[in-house]
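Asker: Fold the following for me, if possible:
(chains A, B and C)
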Amino acid sequence: MKTYRKELLLKLPTRRALKNITTEVEQAVAASGIQEGLVLVNAMHITASVFINANESGLHVDWENWLEKLAPEKPSSQYLHNNYDDNAEAHLKRTIMGREVVVAITDGKLDLGQWEQIFYYEFDGMREKRVLIKIIGM
Amino acid sequence: MKTYRKELLLKLPTRRALKNITTEVEQAVAASGIQEGLVLVNAMHITASVFINANESGLHVDWENWLEKLAPEKPSSQYLHNNYDDNAEAHLKRTIMGREVVVAITDGKLDLGQWEQIFYYEFDGMREKRVLIKIIGM
Amino acid sequence: MKTYRKELLLKLPTRRALKNITTEVEQAVAASGIQEGLVLVNAMHITASVFINANESGLHVDWENWLEKLAPEKPSSQYLHNNYDDNAEAHLKRTIMGREVVVAITDGKLDLGQWEQIFYYEFDGMREKRVLIKIIGM
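Answerer: Next up is the predicted model:
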C-alpha cells in the first residue's frame, strides 16, 4: 500500500470564481505512482468547494445565479455570522456545492466519466486558499 | 491490499427516476472478496446522482417535488446552459443530491445503518448511463 | 494495510441540534494506530448529517434558519412521506447537509485545514443515533 499527499495553492482574483483543477489532480495521480486506489480532493477552507461536473461556461453562470438565489449575499444583516465575519452566505453556498470528491484510480489514471471534470469553487476569494489531494492505493 | 472495479449500466425510461442499487453494490462487494475497506459508488454522468436514504415511496415523491421547487425544469430559458443543451436543471438537481457515496465494508458486507439504502437518481434519462463501483481494502 | 471501526452513540435532547465530533474522530484515529490513510465518518441514520465547517455559533443559527427556509418543517401535510412518518423535512435537510465526510490522515493525525471541524447535525432527535467511523490505511 502507498499513499501520496499534495496541496494546491489557489488565490482567485474575485470573491467568487470557478477553476478547473482536473489537470492538477491528474498530475498528482501520475506523481504518486499509484495504479489502483482512491483519491480524495477537498477544500481545506470552509468557504470553498471541490465538486465534479461539466466544463461548460453557460452552466457555470447558471450555478452562480442559482446559488445566489438559494443563499443570497445581500442583505448581509440577514445572517448572524456576519456580526463576526462577512461571509455567512459563502459558507451556505459551499454547503450546497460540497467540500470534497472521492475519485477512483484505475490503471494509474483518474477513473472519470466522459464529461466529469473536477472544479474548485471559491466563495470568498482574493486570499490564498489550499486544496488537499490525498491518494491511497497500490 | 486488493481493489475491485465494476460498472453498472442503467437506462431509465423517464427523464427523472429513482432506482435502488443496494443489491448491485452488495453483489460487487461479495464478488471482490474484500472483507475490510471502503467502497466508492459514483455516477459517471453529471446529470445523475448516487445517494443514500430511505426506501419509502412517499419520500421519493417528496424529493421530486422539492427538487423541482429548488431547480425548476421550466421555463428552460432561465438557464444559459440551455443555449447549448436542454438540461441545466438536471445538473442543478444532481448538485443537491450529490455525485457519490463512500460506504464502509466490514466483515465482507456493506456497513450500513438499518434504513440506509443506496439509490441512483436519474435527472436526464432515456439514455444509457454508467455507475462506477470501486472497492479498496483487504 | 490496517483498518479500524468505531461507532459513536448520540442522543440529542431536541429535534434539531449540532454537535462537534472532531475530538471523537481524532481519538479514533489515534486508537487505530494508522499513520497514513483515509477516515470515513457517516451518519448511520437517514435524518442526520456529518459535515465539515466552522465552529461559530452565529453560523450554526444561520444554518438552522436557512434549512428551515429550503425545507420547512410545517405544514407537515405538504409531504407525502408524512402519511407514513412525521419527518420528511428531516430527510430533505439531511440531503442538503450530506451524509458523510472523508478526511485524510497524515502523520497519524486528521489532515484538516485551520478552521475545519467535523459536526454531527441531528434533524430528528430525542432518540439514540449512531455515527460510523471507518479508517483504512497503514
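
Asker: Spell out which parts of chain A neighbour chain C.
Answerer: For chain A, the contact set with chain C under CB under 8 Å from any CB of the partner chain comprises A:1, A:3, A:5, A:38, A:40, A:42-46, A:70-71, A:79-85, A:88, A:91-92, A:94-96, A:98-100, A:102, A:130, A:132, A:134, A:136. Yep, even glycine has a C-beta here, placed from its N, CA and C like the rest.

Asker: so which of the residues you listed are also by chain B?
Answerer: With CB under 8 Å from any CB as the criterion, the subset of these in contact with chain B comprises A:1, A:38, A:70, A:96, A:98, A:102, A:136.

Asker: Which residues are in contact with the second one?
Answerer: For A:Leu38, the contacting residues are A:102-105, A:135-137, B:38, B:40, B:134, B:136, C:38, taking CB atoms under 8 Å, 6 or more residues apart in numbering or on different chains as the criterion.

Asker: so what's A:Ile135 bridging to?
Answerer: Note on A:Ile135: beta-bridge partners A:Tyr4, A:Val39, judged by DSSP bridges.

Asker: Tell me how far it lies from A:Ser32.
Answerer: Summarising the geometry, the distance separating A:Ile135 from A:Ser32, computed by CB to CB, to the nearest Å, is 5 Å.

Asker: Which residues are in contact with each of the two?
Answerer: Contacts common to A:Ile135 and A:Ser32, judged by CB under 8 Å, 6+ apart, are A:2, A:4.

Asker: Neighbour count for these two, which is higher?
Answerer: With neighbours defined as other CB atoms under 10 Å in any protein chain shown, A:Ile135 and A:Ser32 compare such that A:Ile135 has more, 25 against 22.

Asker: check contacts around that one.
Answerer: Contact criterion CB under 8 Å, 6+ apart gives A:2-5, A:28-29, A:32, A:34, A:37-40, A:105 as the residues in contact with A:Ile135.

Asker: Make sure A:His81 is actually in contact with C:Glu64.
Answerer: No - the pair formed by A:His81 and C:Glu64 falls short of the contact definition of CB atoms under 8 Å, at 11.8 Å.

Asker: Return the alpha-carbon coordinates of stretch A:104-123 using CSV.
Answerer: As requested, the backbone C-alpha atoms of stretch A:104-123 are provided in CSV (Å, rounded to 0.1, in the frame of the first residue of the first chain):
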residue,chain,number,x,y,z
ALA,A,104,-11.3,6.1,-8.3
ILE,A,105,-7.9,5.5,-9.8
THR,A,106,-7.7,2.6,-12.3
ASP,A,107,-4.7,1.7,-14.4
GLY,A,108,-2.8,4.7,-13.0
LYS,A,109,-5.4,7.2,-14.2
LEU,A,110,-8.5,9.1,-12.8
ASP,A,111,-11.5,6.9,-13.5
LEU,A,112,-13.9,9.6,-14.6
GLY,A,113,-16.9,9.6,-16.9
GLN,A,114,-16.6,11.3,-20.3
TRP,A,115,-17.8,14.7,-19.1
GLU,A,116,-16.6,14.6,-15.5
GLN,A,117,-14.2,17.4,-14.6
ILE,A,118,-13.0,18.4,-11.1
PHE,A,119,-13.6,22.0,-10.1
TYR,A,120,-12.6,24.3,-7.3
TYR,A,121,-15.4,26.8,-6.4
GLU,A,122,-14.3,29.8,-4.4
PHE,A,123,-16.9,31.7,-2.5
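
Asker: avg pLDDT for that stretch?
Answerer: Per-residue pLDDT over stretch A:104-123 has a mean of 98.

Asker: do stretch A:51-69 as well
Answerer: 97.

Asker: Check which residues of that stretch are buried.
Answerer: Buried residues in stretch A:51-69, counting neighbours by 16 or more other CB atoms under 10 Å in any protein chain shown, are found at A:51-54, A:56, A:59-60, A:62-64, A:66-67.

Asker: Could you list everything the residue nearest to A:Ala48 when sequence neighbours are not counted pairs with in the sheet?
Answerer: Nearest in space to A:Ala48, with sequence neighbours left out and distances taken as CB to CB, 6 or more residues apart in numbering or on different chains, is A:Glu122 at 5.2 Å. A:Glu122 has the following beta-bridge partners by DSSP bridges: A:Ala17, A:Ala48.

Asker: got the contact list for A:Val103?
Answerer: Residues in contact with A:Val103 (CB under 8 Å, 6+ apart) are A:25, A:38-39, A:41, A:52, A:110-112, A:118, B:40, B:42.

Asker: where's the closest residue to A:Asn87 other than its chain neighbours, which helix or strand?
Answerer: The shortest distance from A:Asn87 to any residue that is not its chain neighbour, by CB to CB, 6+ apart, is 4.6 Å, and that residue is A:Asp124. When elements are assigned from DSSP states H and E, A:Asp124 belongs to no helix and no strand.

Asker: Need phi/psi at A:Asp124.
Answerer: Comment: the main-chain dihedrals of A:Asp124 come out as phi -150, psi 70, following degrees, to the nearest 10.

Asker: From A:Val101, how far out is the residue of chain A found nearest chain B?
Answerer: Checking chain A residue by residue against chain B with CB to the nearest CB singles out A:Gly113 as nearest, at 3.0 Å. Look at A:Gly113 and A:Val101: by CB to CB, they are 13 Å apart.
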